[in-house]
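J.: Model the structure of this input:
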Amino acid sequence: MKALNFVLAALALAGSAAATAEVGVSVTVGEPGFYGRIDLGDMPQPRLIYPQPVIVRGAPSGAPVYLHVPPGHAKHWSQHCAEYGACGQHVYFVDDDWYEKVYVPSYQKQHGHGADHGNGHGPEHKPDRGHGNGPRH
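T.: Numbers count the residues shown, from 1 in each chain. Next up is the predicted model:
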């Protein structure tokens, strides 16, 4: 009877641990809902949130970076630049509507992804609509 109680307690503990485990969702660049660096390549000219690049923390270095970020991150960039590995760089923030309606379809067409490709699984992690997906996380 003692062994049975031990087994039942162990199963209950394992069940409660599984129930409290966090589930992450991954989204890759070129899918709706992705936040992070995007490569324009030969994509259409992006619509930008600000016409001038934003630079925080130090002298700018390297080529400009284009980012798709959640609402509020561009406005408070000094609080978020480290999450994207983009402090001290010229950063252009692309408009969300442009990203979703122009970039995503163009990216998927160029990379052979159909309209149903946005399955939410990929190498980049995006918790709660993400804070800078990509290799930095």
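J.: What is the burial count for the closest residue to Glu100 other than its chain neighbours?
T.: Distances taken as CB to CB, 6 or more residues apart in numbering place Pro32 nearest to Glu100, at 5.7 Å, with adjacent residues excluded. (Each C-beta comes from the backbone N, C-alpha and C, glycine too.) When neighbours are defined as other CB atoms under 10 Å, Pro32 has 15 of them.
J.: can you check Pro105 too?
T.: So Pro105, with other CB under 10 Å, has 14 neighbours.
J.: go on, the one 5 residues further on?
T.: When neighbours are counted by other CB under 10 Å, Gln110 registers 12.
J.: Pull up the per-residue confidence for it.
T.: With respect to pLDDT, Gln110 scores 86.
J.: Quick check: the gap between it and Asp96.
T.: For Gln110, the distance to Asp96 (CB to CB, to the nearest Å) stands at 20 Å.
J.: show me the contacts for Tyr92.
T.: Counting by CB atoms under 8 Å, 6 or more residues apart in numbering, Tyr92 makes contact with 46, 48, 50, 53-54, 64-67.
J.: again with Pro44
T.: So Pro44 contacts 102-103, 106 (CB under 8 Å, 6+ apart).
J.: quick one: which of these has the most company?
T.: Most neighbours among these, by other CB under 10 Å: Tyr103, with 24 neighbours.
J.: Check the contact between that residue and Pro46; I expect there is one.
T.: Yes - using CB atoms under 8 Å, Tyr103 is in contact with Pro46, at 7.2 Å.
J.: Find the residues that touch each one of those two.
T.: Counting by CB under 8 Å, 6+ apart, the residues touching both Tyr103 and Pro46 are Val94.
J.: in this protein, which spans are strands?
T.: Applying DSSP state E to the chain gives strands spanning 36-38, 65-68, 91-93.
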